[in-house]
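Chemist: Can you look at this prediction? I've put the sequence above it.
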10 protein chains.
Amino acid sequence: MSAAFRDLLETFPNPYPQRDYTIETVCPEFTSLCPKTGQPDFGTLTITYVPDEYCFELKSLKLYLQQYRNHGAFYEAVTNTILDDLVAATQPRSMSLIGAFTPRGGIRTNVIVEYRKPA
Amino acid sequence: MSAAFRDLLETFPNPYPQRDYTIETVCPEFTSLCPKTGQPDFGTLTITYVPDEYCFELKSLKLYLQQYRNHGAFYEAVTNTILDDLVAATQPRSMSLIGAFTPRGGIRTNVIVEYRKPA
Amino acid sequence: MSAAFRDLLETFPNPYPQRDYTIETVCPEFTSLCPKTGQPDFGTLTITYVPDEYCFELKSLKLYLQQYRNHGAFYEAVTNTILDDLVAATQPRSMSLIGAFTPRGGIRTNVIVEYRKPA
Amino acid sequence: MSAAFRDLLETFPNPYPQRDYTIETVCPEFTSLCPKTGQPDFGTLTITYVPDEYCFELKSLKLYLQQYRNHGAFYEAVTNTILDDLVAATQPRSMSLIGAFTPRGGIRTNVIVEYRKPA
Amino acid sequence: MSAAFRDLLETFPNPYPQRDYTIETVCPEFTSLCPKTGQPDFGTLTITYVPDEYCFELKSLKLYLQQYRNHGAFYEAVTNTILDDLVAATQPRSMSLIGAFTPRGGIRTNVIVEYRKPA
Amino acid sequence: MSAAFRDLLETFPNPYPQRDYTIETVCPEFTSLCPKTGQPDFGTLTITYVPDEYCFELKSLKLYLQQYRNHGAFYEAVTNTILDDLVAATQPRSMSLIGAFTPRGGIRTNVIVEYRKPA
Amino acid sequence: MSAAFRDLLETFPNPYPQRDYTIETVCPEFTSLCPKTGQPDFGTLTITYVPDEYCFELKSLKLYLQQYRNHGAFYEAVTNTILDDLVAATQPRSMSLIGAFTPRGGIRTNVIVEYRKPA
Amino acid sequence: MSAAFRDLLETFPNPYPQRDYTIETVCPEFTSLCPKTGQPDFGTLTITYVPDEYCFELKSLKLYLQQYRNHGAFYEAVTNTILDDLVAATQPRSMSLIGAFTPRGGIRTNVIVEYRKPA
Amino acid sequence: MSAAFRDLLETFPNPYPQRDYTIETVCPEFTSLCPKTGQPDFGTLTITYVPDEYCFELKSLKLYLQQYRNHGAFYEAVTNTILDDLVAATQPRSMSLIGAFTPRGGIRTNVIVEYRKPA
Amino acid sequence: MSAAFRDLLETFPNPYPQRDYTIETVCPEFTSLCPKTGQPDFGTLTITYVPDEYCFELKSLKLYLQQYRNHGAFYEAVTNTILDDLVAATQPRSMSLIGAFTPRGGIRTNVIVEYRKPA
C-alpha cells in the first residue's frame, strides 16, 4: 500500500553533494484517518535531512502526503512509514521526521523518528 | 492503591521495534487532590519515551490519569508513581515524565523524573 | 441541586457602593463532567460585575465552583446556572460570565452570558 | 448537495431561551477541496450565535463539517453555505461565521458572513 | 501606467450578492521600489471589502501586485492607487486597504485608505 | 490612615492645560498585605488620566505606593482608595485605575474604577 | 527652541487630498534627556494623521526627532511639543501622537495627545 | 541574620530517594530592599534541585522568602545566601538558583548560582 | 553568473583578528525568482561567522543580495551559492547560512549550510 | 579614548569568590553614533560573567555606557572594546558580551564576543 504512495515521490540531483548541509521542510497540513474510528487526524510534519545524491521535489512530496487524506493510519505507524518512504526515495546521509498531531480527548502526541545512513 | 489504577493501562505492540524512536504525549488536563488540604491540584503531564515491545494506548492512558481526579497525591510522589506505572505497563527503552503544576500561593512546581532500562 | 451549591456562596458588603466600578475574576481551573459520557470537561470562567451592595467572597467562590468537579453539566446550562447563582447571591448592577472550555474532538466552545439589573 | 449535508445537523432545545446569550464554537480542522485544482484547502471556522429555541449539537456539527473533506468548494461560497445550513437548522436570533483559510501562493483569505433574524 | 497593471485584475460573480458580507485578503509579500533611491521596499497589504456584483480572483490579484516589483512607488501613492484599481475592477459596496511597510532608518509606516460606494 | 499616605503625593503644573490629553502610568511592582491572612499580595496598577491643572510627580507616586508594602488592604478597597487619593491630589478631568492582582488559590482578580469630574 | 527644531521638518504635497486617509508612522528610537537628572530617556513615538495638503517627509522627521537626543524634555511637555510642531508643519485634518516611554524606577508612562482641525 | 531566616525552612522525607529526579520551583513574587537606597527590589527565583533524603516544604519556603520583604540585600549576596540556606536545609545531590530581578535604571540583572554535593 | 554578483561584496579589515568572535547578520528581505514558474520567492537569510582578516561591509551585502531580485534560483542552490560567495569574499574562520523561505503550497523550507576553514 | 571611558567603571568585592557563579546584566538602552554617517545606532547589550575578585557596580556601568551616546563606533569595534574595558575593570574568570543592534536598511546585526581568563 505504501509502495504505491511511495512511487509518487520524485527527486532531483543534489546541487551541492560535496558539502554536508541540511534541508528542513515543514508541512502543517497533513491529514489522515484514524483506523479505529474513521475520524480525521491532523498534524504538522517536519522533515530534516542531509541529502546525499538526491533531494525530494516539493510538489511530489505534497502529492505523496495527500495520499494519506483518506487513508487509515496510526500516529506511530504513519510517521515511521513516511520516513521509510522518504529514505527509500532520496537515500539521504541522515533524516529525521517529527509528526506533531493535534489534540484528541485533551491529549496530544508527537512522534519523532530518525534515520542515519550506515557507515 | 496504584496497583488498581495501573491495571487500567492498555498497550499495543510497537509497530517499529527495530528502530529507536520517540513518542511524546502531552496531557494538559491532569487533576488530583492535595492530601493535606483536600483542595484540587492541576497540572500538565508530558510523557516522552522510546518504546521497546509495547506502546501505551491513549484512551487507556486517559482513563488511568482520570483515576487521580478524586485521589490525594503530593506532586513528587504522584509524578514518580505515574512513571513507575507507565514503565511497568510498557517496559520502554527509556521514559521521562514532567509534571508541571499550576501555581499555589504564588509558587509553581515542576517535577521531572526519568527511567532508563538497565543495560 | 444548584440551590445546595448556591448556599456556599458568601458575600461581604461592597466597600464603595457610591461608585459604579468593575470587578473581574478569572478562574482557570473549572472542571465538571459531561452528562452524556461522564468524561471530565475543563474550562476558564471569567466573571465581570459591577457590585451593588455585595461582593462575593473569593474563597467561597472557589468552594462553590469545586462542587461541579463531580457533577454532570452541559456547557450552555452550567454557564447560565452559575450566572444565576452569582446574581442571586450578590444582586449586582450588572454581571457577565464567559465560560471558555478546552477542545473536544478538535472543536472548542465559549459560552457568554450577561445579566443587567432591571431599571 | 448541501441539502444532504444539512440533514446531518442535529439540535437540542436551548436550555435558557429566556435569556439572550452567545455561544462561540471554534473549529480549526476544516478542510475541503479547491474546485479548480482539486487541491485540499484548510481553515478555521468560528461560529458565534445567539440561540433562540435550538442549539446545534457539537458531534453532529463535526460530522456535518467532515462532509466537505472531499467536496469541492470556493471560500466565499462554502462560508455562505455553511451559515445558511446552520441558520436553517437552529433558527438563531443571530449568527456569524468566520472562515479563516491558510495561505495559498503567499496570500491568505478570511470570509466573514452574518445573519440576523428579521424583526 | 497603473491602467496597464489594472487590466490584469480579473473578477468572478459574487456567489451571494443578496447578503452583505466581508472578504479579507492578506498579502504579506508585496514589494516595490523607492522612486528616490531605487532601493526595494517591502510590506503587507490587507484588503477588506464587501463585494457587490464581483469578487476579485486571487491569482490575478497576485499577478497584479507583482507588477510593482520593479516599479517605483511612494507608500502613500501606491496604497491609494491599488485601492483605486481594486475598486475600479470590483465596484464593491465598500473596501479598505492597509499597507504596512517594513522599517527604514528605524521608522516604519502604515497607510490606511478606505472607499465607500456613494449611496 | 490613607490621609497620611496621600500627603506624599506631589504634583506639578500641567504643561498643556489648554489641551485634553491622556497620561497612562503603569506600576507593575505594587504590593500590599492581605488583612485576613497577613500574606503579601502583588499586582500591577495602571493609572490613566486627563490632567486639568496638575499632573502627579512620578517619584512621589512611587513613594506613595510603597506605603502599602506593609499595610493591610483588600483588593476592592485599596483600588478605590488609591483612585480617591490620586483624584484628591490632581483634580483631573477624568481618571481610571486598573488593579490587576496575581493569582491566589488559582483565581486572579482585576478591579477597575473610574472618576469623571462633575460637569 | 522648538522653533529651531521645527524648521527641520519638510513636507511634500499629499498625493490624494481628495480622500480622507490615514498615515501611521512608528519611531521606536526616540531618545531625549531628563531635565532634572540629565539621564537619557527612551521611547517609541507613534504618529497617526489624516493629511490635508501636506505629508511630512520621513527623512526630515528623523532628523527633527534626533534634535532631542541631547535636549532636556519632560515626557508630557515633549509629546505635546512634537505634536504642535508636526501640526504646524503639515496642517493635517487630524493627528494623534503616542509617546510610550521605557520604565524608570519600575514605572512606565505613555502620553497620548490629539489634534483635530477646527471645522 | 540569615541563620534566623533559615530556621523557618521545613523539610519532608524524599518519597523516592532511590531515583535521581529533579524538582523545579518558581517563585515570581520575591521582594527585598536595596541596602543602599532602601528602595524595594523585585524578582523571580527559580530553584532546581535533585533531592537526596529531604525535600523542602513549599509553605515554609514561602515564609522563608517573605523574611526578605523588609530586609536589605544586594542581588549577588542574596542569591548566594538563599542557595546556602536551601542547601543547608535539604542537603540535596545538586541545586541551582536563578534570581531574575526587574529592571532598574533601564538595566536588569540575573544571578545564577549552583551547588553540587561533593563526591 | 554568481561571479558578477560576488564582485559587489566589499570587506573591511577585522578590527579584532586576535580574538575569535561571532558576527550574526539577519536579512529578512531576501527575494528571488523560482526558475521553474518565474514566481517570486521570499525568505530570511541569517549569516553567522567568525571573521579572520576581513568582515563584509553591510551596504555591499545588501547590494549583493538585491542582485537576486530578478534572478532565477532554487532554494538549495541559492543558499549554497551565497555561502560560497561570502566565504570567497571574507575567508572567515567559519561561517553558516540559514535560508528560511516563506510557505508555498502550504509547505515551507529552510536550508542550512556551513563552512569551516580547513585546519 | 576608551581609556577615559573605562575609568568610569567602578567595582565592588565579589561577595562569594569561593563559588563559581554567573551574573547576567541586560542593557537594552545602548546608543552610539555611526562613524560613517553620524546617524544614531541602538542596541541591547547582554553581559554575562563569572566574577573573580570583583563585580562591576551597576550605576557606574550605566554611566560608562552613556559615554558612547555621542561617540562614533562601529558595531564590531565597540562590542570588542566594551568587553576589553569590562575585563580590565573586573578581571573575571570568564565574560561574554552580546551586542544586538536594531535594523538598518532592513538588516540587523548581532556581535558576540567572549573572554576566558588564561589558566
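Modeler: Noted; the coordinates are in hand. Everything quoted here is computed from the prediction, not taken from an experiment.
Chemist: isn't there a strand covering residue A:114?
Modeler: Yes: assessed by DSSP: H, G, I helix; E, B strand; the rest coil, residue A:114 belongs to a strand.
Chemist: surely it meets residue A:96?
Modeler: Yes: in this structure residue A:114 lies within contact range of residue A:96 using CB atoms under 8 Å: 4.4 Å. All C-beta atoms are positioned from the backbone trio N, CA, C, and that covers glycine.
Chemist: Per-residue pLDDT of residue A:2, please?
Modeler: Model confidence at residue A:2, given as pLDDT, is 58.
Chemist: Now do the shared contacts for residue A:114 and residue A:96.
Modeler: residue A:83 (CB atoms under 8 Å, 6 or more residues apart in numbering or on different chains).
Chemist: and the residue nearest to residue A:80 when sequence neighbours are not counted, how many residues sit next to it?
Modeler: Excluding its sequence neighbours, the residue lying closest to residue A:80 (CB to CB, 6 or more residues apart in numbering or on different chains) is residue B:16, at 4.4 Å. Residue B:16 has 18 neighbours, counted by other CB atoms under 10 Å in any protein chain shown.
Chemist: and residue B:16, that's in a strand?
Modeler: No: read with three-state DSSP, residue B:16 is coil and lies in no strand.
Chemist: wait, what's in contact with it?
Modeler: Counted by CB under 8 Å, 6+ apart, residue B:16 has contacts A:76-77, A:80, A:113.
Chemist: From these, which land in helices?
Modeler: Those of these mapping onto helices are A:76-77, A:80, per DSSP state H.
Chemist: And those, which is closest to residue H:57?
Modeler: residue A:76 (41.2 Å; CB to CB).
Chemist: Residue A:11 and residue A:57 touch, don't they?
Modeler: Yes: counting by CB under 8 Å, residue A:11 does reach residue A:57; the two are 6.2 Å apart.
Chemist: Just give me the residue right at the centre of chain A.
Modeler: With distances taken as CA atoms, centre = their mean, chain A has residue A:82 as the residue nearest its mean C-alpha position (4.1 Å).
Chemist: what's the helix or strand for that one?
Modeler: helix A:75-90 (DSSP states H and E).
Chemist: who are the neighbours of that helix, in terms of helices and strands?
Modeler: When contacts are defined as 3 or more CB pairs under 8 Å, 6 or more residues apart in numbering or on different chains; DSSP states H and E, helix A:75-90 packs onto helix A:2-6, strand A:40-50, strand A:54-56, strand A:94-101, strand A:108-116.
Chemist: Could you tell me how far the shortest one lies from the centre of the chain?
Modeler: Taking the mean C-alpha point of strand A:54-56 and that of its whole chain, the gap between them comes to 13 Å (CA atoms, centre = their mean, to the nearest Å).
Chemist: same check, this time on the last one
Modeler: With CA atoms, centre = their mean as the basis, the distance from the averaged C-alpha position of strand A:108-116 to the chain average is 10 Å.
Chemist: Can you tell me what sits against it?
Modeler: Contacts of strand A:108-116 (CB under 8 Å, 6+ apart): A:75-76, A:79-80, A:83, A:87, A:92-102, B:16, B:19-26, B:58.
Chemist: Next, the angle from it to strand B:40-50.
Modeler: Angle, strand A:108-116 to strand B:40-50, by axes from the mean of the first three to the mean of the last three CA atoms, to 10 degrees: 20 degrees.
Chemist: May I ask which of the ones in helices among the contacts of residue B:16 has the most neighbours?
Modeler: Result: residue A:80 is most packed of the ones in helices among the contacts of residue B:16 (other CB under 10 Å), 22 neighbours.
Chemist: how about that residue, what does it touch?
Modeler: Counted by CB under 8 Å, 6+ apart, residue A:80 has contacts A:111, A:113, B:15-16, B:19, B:21.
Chemist: Close to chain I: what parts of chain A are there?
Modeler: Contact residues, chain A versus chain I (CB under 8 Å from any CB of the partner chain): A:14-16, A:19-29, A:51, A:55, A:58-59, A:61-62.
Chemist: among those residues, which are in helices?
Modeler: Those of these lying in helices (DSSP H): A:58-59, A:61-62.
Chemist: Highest neighbour count among those?
Modeler: Counting by other CB under 10 Å, top hit in those: residue A:61 with 22 neighbours.
Chemist: quick one: pLDDT of the nearest residue to residue A:98 once chain neighbours are set aside?
Modeler: The shortest distance from residue A:98 to any non-neighbouring residue, by CB to CB, 6+ apart, is to residue A:46 (4.4 Å). At residue A:46, the pLDDT value in this model is 98.
Chemist: Residue A:46: neighbour count?
Modeler: Neighbours of residue A:46 using other CB under 10 Å come to 17.
Chemist: same question, residue A:106
Modeler: 19.
Chemist: wait, it sits on residue B:29?
Modeler: Yes: using CB under 8 Å, residue A:106 is in contact with residue B:29, at 4.4 Å.
Chemist: residues shared between the contacts of the two?
Modeler: Joint contacts of residue A:106 and residue B:29 (CB under 8 Å, 6+ apart) are C:42, C:102.
Chemist: quick one: buried residues of stretch A:110-119?
Modeler: A:110-113, A:115 (16 or more other CB atoms under 10 Å in any protein chain shown).
Chemist: what about chain A, any weak spots by pLDDT?
Modeler: Across chain A, the ranges flagged by pLDDT under 70 are A:1-3.
Chemist: Next, the buried residues of stretch A:17-30.
Modeler: Quick answer for stretch A:17-30 (16+ other CB under 10 Å): A:21-30.
Chemist: how distant is that stretch from the center of its chain?
Modeler: The answer for stretch A:17-30 is 11 Å, by CA atoms, centre = their mean.
Chemist: Check stretch A:78-98 too.
Modeler: With CA atoms, centre = their mean, you get 6 Å for stretch A:78-98.
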